[in-house]
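Participant: Prediction below, plus the sequence it came from.
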Amino acid sequence: MHLAAPVAPIAPQPLLLFLLGLLVLLTLARLLGRLGERFGLPSVVGELVTGMLLGPTLLGHLAPGISNWLLPTQPAEQIHLIDAVGQFAVLLLVGITGTHLDTRILRRQGRVAVTVSLFGLLLPLGLGIALGFVLPGSLLGGNSSRWVFALFIGVAMCVTAIPVIAKTLTDMRLLHRNIGQLTLAAGMVDDVVGWLLLSVVSAAATVGVTAGIVSLSVGYLLGFVALAGTVGRVVVRKLMDMAARRPEPGPAVGMAVIILLAFGAATQSLHMEPVFGAFVGGILIAQSRSAQPKLAPLRTVVLSVLAPLFLATAGLRMDLTALWHPTTAIAAIALLALAIVGKFVGAYIGARISKLSRWEGLALGAGMNSRGVIEVIVAMTGLRLGVLNTATYTMVVLVAIVTSVMAPPLLRLSMRRVARTEDERLRLLDHEDWLGHRLSTADSAPSTPDIGRREAA
């Protein structure tokens, strides 16, 4: 009988470099995250900067020998090991975010979320496409036509980053607020449209755009959402309820991870981004209220270990030295300015049309302006397809970092002027129950009628 040769394990040296790379990334991300907190910023700010410091921008420029030894790009599989950890981390981070989305506010204010998302999409998309047609030809990738390049710039400017928004809202303890929920809901609509636009533009860069390709992408998206909201909802709830019957949290945590991976794989197989599937999976997991308190260990590991690792890997391919050329620097400033103005003003207009207050509109604009990982995904897609070059990729990732850094102080400033509601107090209790403990804050000291209303909800 012929037996296949066993798969060779990873060699000792690549394993050592992999472990050391994770060690340095996580340690520096945690340190810079704490440093950001000392300056009144959420830890996500320092974690995003970590990859930039360890990548070509600083370490690769000042000490290329150390950089190439610690985070070698040749062979490619070495850096792909760290990328794989980052992708696993972002799936769980987005899934955890989905479990915190209050579907009741979606039913009540879905029109507001769609309106905010629509204006926050169309204005930056139009500005990005216009800018793409006037940027210097030296910024185009080697395999790109001008109109495909312009479409890519437009898509990059109109997206919103649910993972970074979620991490920022969690760090600032705003996830239970109505504005936080609306920001996540509008961001989800942004992501749905963003995945569709990215798939269409990617097809244009490879085989061209046809009515059949667009129809197929829309059909996959609608079919997935419909199936998840019917059959998926029932199956996921039964699986989570079964896992929650065990007294220890392990079965519930394991089942949640399996569901998130399955939903991520499903959307990836349909040529959509896996983070969208993970987000939908997280929303369905939240339907099992008996399982939520037992998922607290998963949330702790994701936010304390995996999320910092993922955010640290986002800047490893960024090279700010590519922006030293005056023409490139001016183009980067124009791209950053239009990206900020387009998304912020668009979301603010949508909020005001929906009769939200001025400060609520400013808070929504600040939250929606954060691009983070989704911008990086768009940039990496453009780089892989040859639509963007290194300089343009760095410009797009710079937008992701700057807008993510801007969000916390603007959110803090505007949310101070937004009054708390009774629904937010009850939602905070739900989040605390999910964590398995009560927080000793003024918000978490409800009266007996509050508890009764929460149980009746």
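Facilitator: Right, received. Where do you want to start?
Participant: Assign the nearest residue to residue 359 once chain neighbours are set aside to helix, strand or coil.
Facilitator: Once flanking residues are discounted, residue 359 sits nearest to residue 417: 4.2 Å by Cβ to Cβ, 6 or more residues apart in numbering. Glycine gets a C-beta too; all of them are placed from N, C-alpha and C. Put simply, residue 417 is coil when judged by DSSP: H, G, I helix; E, B strand; the rest coil.
Participant: got it, and residue 318?
Facilitator: Classification of residue 318 by three-state DSSP places it in coil.
Participant: Count the neighbours of the residue nearest to it when sequence neighbours are not counted for me.
Facilitator: In space, and not counting its chain neighbours, residue 318 is closest to residue 397: 4.6 Å by Cβ to Cβ, 6+ apart. Using other Cβ atoms under 10 Å, residue 397 has 28 neighbouring residues.
Participant: which secondary element of this structure has the worst mean pLDDT?
Facilitator: Sorted by mean pLDDT, DSSP states H and E, the helices and strands of the chain end with helix 448-456, the least confident at a mean of 33.
Participant: one step back: mind checking pLDDT for the residue nearest to residue 359?
Facilitator: pLDDT recorded at residue 417 is 84.
Participant: Please report how far it lies from residue 360.
Facilitator: Per Cβ to Cβ, to the nearest Å, residue 417 is found 9 Å from residue 360.
Participant: Around residue 302, how many other residues sit close by?
Facilitator: Using other Cβ under 10 Å, residue 302 has 24 neighbouring residues.
Participant: Please list all residues in contact with it.
Facilitator: 89, 92, 93, 96 (Cβ atoms under 8 Å, 6 or more residues apart in numbering).
Participant: my read: the residue nearest to residue 359 touches residue 411, true?
Facilitator: No: counting by Cβ atoms under 8 Å, residue 417 sits too far from residue 411 to count as a contact (11.5 Å).
Participant: neighbour-wise, which of residue 417 and residue 360 wins?
Facilitator: Between residue 417 and residue 360, counted using other Cβ under 10 Å, the more crowded position is residue 360 (23 against 12).
Participant: Using just helix, strand and coil, how would you label that one?
Facilitator: Assigned with three-state DSSP, residue 360 falls in the helix class.
Participant: From residue 81, how far off is it?
Facilitator: 44 Å.
Participant: what do you get for residue 268?
Facilitator: Applying Cβ to Cβ, the value for residue 268 to residue 81 is 19 Å.
Participant: What of residue 255?
Facilitator: 27 Å.
Participant: Looking at these two, which one has more neighbours?
Facilitator: Higher neighbour count among residue 255 and residue 81: residue 255, with 22 against 17, using other Cβ under 10 Å.
Participant: avg pLDDT for whatever helix or strand that one lives in?
Facilitator: According to DSSP states H and E, residue 255 maps onto helix 250-269. If you average the pLDDT over helix 250-269, you get 93.
Participant: quick one: buried residues of it?
Facilitator: 251-253, 255-257, 259-261, 263-264, 266-268 (16 or more other Cβ atoms under 10 Å).
Participant: what does stretch 378-395 give?
Facilitator: Those would be 378-383, 385, 387-389, 391-395, for stretch 378-395 by 16+ other Cβ under 10 Å.
Participant: contacting residues for the closest residue to residue 286 other than its chain neighbours?
Facilitator: Once flanking residues are discounted, residue 286 sits nearest to residue 99: 4.3 Å by Cβ to Cβ, 6+ apart. Applying Cβ under 8 Å, 6+ apart, we find residue 99 in contact with 282, 283, 285, 286, 292, 295, 434.
Participant: Residue 99 and residue 294, how far apart?
Facilitator: From residue 99 to residue 294 the distance is 12 Å (Cβ to Cβ).
Participant: Then residue 158?
Facilitator: Using Cβ to Cβ, we find residue 158 at a distance of 38 Å from residue 294.
Participant: And those two? Which one has more around it.
Facilitator: Under the criterion of other Cβ under 10 Å, the comparison of residue 158 against residue 294 puts residue 158 first, with 29 against 24.
Participant: Which residues are in contact with the more buried one?
Facilitator: 120, 121, 122, 124, 125, 128, 190, 193, 194, 197, 342, 343.
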